[in-house]
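**Q** Predicted structure and sequence below. I'll ask about it afterward.
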Amino acid sequence: MQTIFIDSDVCLDYILNRQPHFEDAAEIFLGMQNKDFRAYISALAISHIAYFIEKNHGKSKVVSILKKFRKLLKLK
């Protein structure tokens, strides 16, 4: 199985529906859901992602969104 390292900006493009990169990010996350490859993210990226989720969706959404992401990504 192929292993990839996901940048926090790819995650944010997907979570925040940022154009024009959302479609590409969605393909990557679909591949992770289908177990086409294994994906890793840095522990530092989690705090970066949490900051932008809170900024765009409010504090109450941070934990629920990150829990969903944790199921797809491995920390490296």
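**A** Structure received.

**Q** what are the phi and psi angles of the most centrally placed residue in the chain?
**A** Nearest to the mean C-alpha position of the chain, counting by Cα atoms, centre = their mean, stands Cys11 at 3.1 Å. For Cys11, the backbone dihedrals (degrees, to the nearest 10) come out as phi -60, psi -50.

**Q** residue contacts, it?
**A** Contact analysis of Cys11 by Cβ atoms under 8 Å, 6 or more residues apart in numbering lists 25, 41, 45, 49, 69. From N, CA and C alone the C-beta is placed, and that goes for glycine too.

**Q** Among those residues, which are located in strands?
**A** Applying DSSP state E to those, the entries found in strands are Ile41.

**Q** could you dump the contacts of Cys11 to JSON lines with pLDDT, neighbour count and distance to Gln2?
**A** Converted to JSON lines, the contacts of Cys11 look like this (pLDDT from 0 to 100; neighbours: other Cβ atoms under 10 Å; distance: Cβ to Cβ, whole Å):
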{"residue": "Ala25", "pLDDT": "96", "neighbour count": "21", "distance to Gln2": "17"}
{"residue": "Ile41", "pLDDT": "91", "neighbour count": "23", "distance to Gln2": "16"}
{"residue": "Ala45", "pLDDT": "92", "neighbour count": "21", "distance to Gln2": "20"}
{"residue": "Ile49", "pLDDT": "95", "neighbour count": "21", "distance to Gln2": "23"}
{"residue": "Phe69", "pLDDT": "81", "neighbour count": "18", "distance to Gln2": "20"}
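
**Q** can you redo the contacts of Cys11 as JSON lines with distance to His57?
**A** Formatted as JSON lines, those follow (distance: Cβ to Cβ, whole Å):
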{"residue": "Ala25", "distance to His57": "17"}
{"residue": "Ile41", "distance to His57": "19"}
{"residue": "Ala45", "distance to His57": "17"}
{"residue": "Ile49", "distance to His57": "11"}
{"residue": "Phe69", "distance to His57": "13"}
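
**Q** Would you map the helices across this structure?
**A** 8-15, 22-33, 43-57, 59-72 (DSSP state H).

**Q** For Met1, which of these is the nearest?
**A** Met1 lies closest to helix 22-33 among the helices of the chain, at 11.1 Å (Cβ to Cβ).
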